[in-house]
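Q: Curious how this folds, go ahead:
(one chain, ligands or ions: 1)
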Amino acid sequence: MLEKDKDVTKTATDRSLNTVDLVALGVNLTMGVGVYILVGEVAGNQARPSIVICFMVAGLTSLLAGLCYAELSARIPHPGSAYLYAYVTVGEIWAFITGWNLIFSYVAGTSNMVFAWISAFDNMFGYQISWALNESILLHSPPVLAKILGFFIVGLVFLLIGLLTLRFRESMLLTKVAMLMRLLILSFVIISGFIKGDLHNWKLTEVDYRKDELNGASSLGPLGSGGFVPFGFAGILHGSATCFCAFIGFDNIVSRVEEAQNHQRSIPMGIVMSLLICVLVYFGVSAALTLRVPYYQIRPGSTLPEAFLHIGWAPAYYAVALVFLCSLSVSLLGYMFPIGQLIYVMAEDGLLFPVLARIHTGTYMLVMATVIFGIIAAIMAFFLRLADLLHLMSIGTQIAYSLMAFCVLIIRYQPEKKKRENEVQMQEENEENQTQVQKGTAPAVEKLTLQGLFFPGSPTPTPLSGRVVYVCSSLLVLLLTLLCLVLAHWPGLISGDPGPITLVVLLLVLITGITGVIWRQPQSSTTLHFKVPALPLLPLLSIFMNVCLMMQMSAVTWAPVGVWMLIGFVIYFMYGIQHSLVAQHH
Ligand SMILES: NC(=[NH2+])NCCC[C@H](N)C(=O)O
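A: Predicted structure coming up:
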């Protein structure tokens, strides 16, 4: 990372990406396979027609995080994305946690692709592949072998694509063509859905259900309470948590900051525009699907293409399925590169084993890394349900998003000088200050008073006001997490139990008070083209929404994350902490 600081300034000719290119890059990675597999899962199993609200909630959560990324990329214009921002703002261990979680998110993403690829391919050939594997090749072996063989074949394909993509960066032309193809096919899905759709499908009742049952519709899902929100608020919350992963991907934009023309303006524009495009398209696609097919008939899997079979448009089915399979490959292009880059940067910084840094240059390492991550992805796809896989992909990113919102709070309230220096110097300076304070030789040490919390003397940030914000923000993260926990897991709250309600009120009072303290502190006045508005509220709202969505996930989802984090901490404390740049500097 330090080395990268040296070649800060790129020449104007290196900066070739304009806002449209950035939007294309963002949309390409964001609008991946998610929309094809998610819609079926959420509309068929969780929120039903209210999936449209879920996409709004998930989109808003991502937009808030996007704004935080935009400000951080304006302040720290280097390609390391969230990992680097955490490194510079809150220090090495948090950077490690961010990077490690993001790697996990990408691996889980690859798992989802394995899953999607198998089901789409199989579905397209009328389940003949799994049938042939089961009936002819593996006639006398247990069915699980067919599944294993399927994963093996897909694994090989992935390996090939992975090798190619780690070598070559995506071309801008290919990216734009892929984006247009996707938008075209999804617009087709939306328009046909609205033409063939029936508003009645958003108001289904018991009578419709019974009628469909009598008409011989096979395997109907549960009706719930019928109508637009058949599974209530809980369904919407759960659905939003699942839909969240459809919006992951704008970090692709910030990681290209060094290639962007006028990055202070184009990066925020790129992030906001690509997210808005995705919100619109996802809203349209989910509305179209739920208007066209009664929700209890929607089956997860290749839902979007299958919806065309439902209305007898076979050619459209093949067209959509084909574009889906192609977009899988292009999405993989977008996955493999960031994984490689992240591992490379972390290894360069001494947080991961140096041999991993050769991932960019050595073919052997490249093969090894792809094989290892491919195997982890395939194992996860094999053992977990689709909904859990989708959640797994989200958790790693939500942890990173929450941290980024925290970083915006911290960095905005720090004294000018410190921000320009890198992490190592920041830490050294802190230590120096501490020894000075201990020895009693510090210049004029500011005193913390109760009045000073609400009426700080200086109009610009001071080390003390910076520290106050640091402590208050950390407290707020804790309190917000507690609040989300109580809201998500205490059923007594709905029945009006005084215990939990008192707790919630108490938490809200504390949160408001501490937010007030942060709000009163002086902010840095650095001129940037883009800053997150309404500080400290927006970053706090971002943390709250991310944590709320994380709380929707089950123990099955948290368990693999826990294992992954445990492995991460072992690596960090046994290796990284002694070999990192900070350690070498001392
Ligand atoms: N870092 C990641 N996990 N990226 C996965 C992006 C998934 C993408 N939003 C999709 O809907 O397919």
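Q: Tell me the first helix or strand C-terminal of the lengthiest helix in the chain.
A: Among the segments of the chain that qualify as a helix by DSSP state H, the longest is helix 314-348. Remark: after helix 314-348, the chain's next helix or strand is helix 363-383, criterion DSSP states H and E.
Q: Just confirm yes or no for that following helix near the ligand.
A: No. Contact of helix 363-383 with the ligand (CB under 6 Å from any ligand atom) is absent, the minimum separation being 11.1 Å. Quick note: C-beta positions are derived from backbone N, CA and C, even for glycine.
Q: Compute the inter-axis angle for that helix and helix 314-348.
A: Orientation note: helix 363-383 sits at an angle of 130 degrees relative to helix 314-348 (axes from the mean of the first three to the mean of the last three CA atoms, to 10 degrees).
Q: Helix 363-383: what's the following helix or strand?
A: helix 386-412.
Q: tell me which residues of that following helix are tucked away?
A: 386-412 (16 or more other CB atoms under 10 Å).
Q: Dihedrals phi and psi, the closest residue to the ligand within the chain?
A: The ligand sits closest to residue 34 of the chain, with a gap of 2.1 Å, by CB to the nearest ligand atom. Phi and psi for residue 34, reported as degrees, to the nearest 10, are phi -50, psi -50.
Q: doesn't residue 245 make contact with it?
A: Yes. Contact between residue 34 and residue 245 holds when scored by CB atoms under 8 Å: they sit 5.6 Å apart.
Q: Pull up the overlap in contacts between these two.
A: By CB atoms under 8 Å, 6 or more residues apart in numbering, residue 34 and residue 245 have these common neighbours: 112, 390.
Q: neighbour-wise, which of those two wins?
A: Neighbours per residue, other CB atoms under 10 Å: of residue 34 and residue 245, the larger number sits with residue 245, 29 against 26.
Q: which residues does that one contact?
A: Residue 245 neighbours (CB under 8 Å, 6+ apart): 34, 38, 109, 112, 390, 391, 393, 394, 397.
Q: ok, 6 Å please
A: When contacts are counted by CB atoms under 6 Å, 6 or more residues apart in numbering, residue 245 is found next to 34, 390, 393, 394.
Q: Pretty sure it sits in a helix.
A: Yes. Counting by DSSP: H, G, I helix; E, B strand; the rest coil, residue 245 is part of a helix.
Q: Contacts only, for residue 391.
A: Counting by CB under 6 Å, 6+ apart, residue 391 has contacts 553, 557.
Q: That one and residue 561, how far apart?
A: Per CB to CB, to the nearest Å, residue 391 is found 9 Å from residue 561.
Q: For the closest residue in space to the residue of the chain closest to the ligand that isn't next to it in sequence, the count of nearby residues, please.
A: Closest residue to residue 34 apart from its sequence neighbours, by CB to CB, 6 or more residues apart in numbering: residue 246 at 3.8 Å. A count of nearby residues for residue 246, using other CB under 10 Å, gives 32.
Q: hang on, residue 246 packs against residue 39?
A: No. Assessed by CB atoms under 6 Å, residue 246 is found out of contact with residue 39, at 8.8 Å.
Q: got the residues of the stretch 51-200 of the chain near the ligand?
A: Proximity of the stretch 51-200 of the chain to the ligand, by CB under 6 Å from any ligand atom, involves residues 105, 106, 109.
Q: Rebuild those as CSV, extending it with secondary structure and neighbour count.
A: Converted to CSV, these look like this (DSSP: H, G, I helix; E, B strand; the rest coil; neighbours: other CB atoms under 10 Å):
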residue, secondary structure, neighbour count
105, helix, 26
106, helix, 25
109, helix, 30
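Q: can you give me the helices in the stretch 101-250 of the chain?
A: Secondary structure of the stretch 101-250 of the chain by DSSP state H, counting those that start in this stretch: the helices cover 128-132, 143-167, 172-196, 206-214, 232-243.
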